[in-house]
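**Student:** Make a model of this:
(one chain, ligands or ions: 1)
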Amino acid sequence: MAKIRSVAVFCGASLGAEPIWRDAANALGHGLAERGICLVYGGGSIGLMGVVADAALAAGGEVIGIIPEFLRRREVDHPDLLKLEVTDSMHSRKLRMFELSDAFVSIAGGLGTLDETIEVLTWAQLGLHNKPIIICDVAGSAKPLLAAIEATVTMGFAKPGIRDLYRAITGVSAVLEHLGSI
Ligand code: AMP
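**Tutor:** Numbering: from 1, shown residues only. Predicted structure coming up:
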């Protein structure tokens, strides 16, 4: 695997109930920029998505936002991005984020974050890509998702090999370290 130059971050368009998730998004944005890794994300300025982008920009990082036209008002497209791509649908947004990224990091979020994370996993399961997928647990945020993935194996609906399609890592600094080691 070539050096990771760009990472798509999947995270909430809300801040979540605990400040620890905001801190994690901040550390992730900052850490990516510090390592010269381009942040690819959903293009909004609200929630953890806004926090990760603000942190990367403040640290001098490259940030590419991808947002569908119909969400520009709701997710408040980020005013400071040098690169903002506007797509015509959620599907083309996810495809562009996929195309522009060498790896994926999922941190805390809602249904959209779960959807984006599961989609890159299912594409990997189908052999459509082998880009690294990192599920970052911060204060238990990833536990339900990891349990759901594991349950698909124990119930016989997925092969044990799907466990090799992603890496579950606790904490943002370990994620950054791992990205640097790939
Ligand atoms: P959430 O985790 O629900 O706060 O959403 C995080 C991001 O995922 C936001 O930019 C949402 O617009 C996006 N999102 C929401 N639903 C979907 C979906 N079905 N497919 C892809 N992205 C979504």
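**Student:** contacts, neighbours, all on C-alpha from now
**Tutor:** Fine.
**Student:** Could I get the full set of strands for the chain?
**Tutor:** Secondary structure of the chain by DSSP state E: the strands cover 6-10, 38-41, 63-68, 83-87, 103-106, 133-137, 167-170.
**Student:** So which of the ones you listed is the most surrounded?
**Tutor:** strand 38-41 (a mean of 26; mean count of other C-alpha atoms under 10 Å).
**Student:** Is it correct that S106 is in contact with V138?
**Tutor:** No. Contact criterion C-alpha atoms under 8 Å: S106 and V138 do not qualify, at 10.5 Å.
**Student:** I'd like the strands of the chain written out as a markdown table, with mean pLDDT added.
**Tutor:** Listed next are the strands of the chain as a markdown table, based on pLDDT from 0 to 100:
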| stretch | mean pLDDT |
| --- | --- |
| strand 6-10 | 98 |
| strand 38-41 | 98 |
| strand 63-68 | 97 |
| strand 83-87 | 96 |
| strand 103-106 | 98 |
| strand 133-137 | 98 |
| strand 167-170 | 98 |
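**Student:** mind giving me CSV with those and columns for distance to A25?
**Tutor:** Compiled in CSV, the strands of the chain are given as follows (distance: least, C-alpha to C-alpha, whole Å):
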stretch, distance to A25
strand 6-10, 9
strand 38-41, 12
strand 63-68, 14
strand 83-87, 20
strand 103-106, 10
strand 133-137, 11
strand 167-170, 13
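**Student:** To the ligand, which of the ones you listed lies closest?
**Tutor:** strand 6-10 (6.7 Å; C-alpha to the nearest ligand atom).
**Student:** and that closest one with the ligand, contact?
**Tutor:** No. Against the ligand, strand 6-10 shows no contacts by C-alpha under 6 Å from any ligand atom, the least distance being 6.7 Å.
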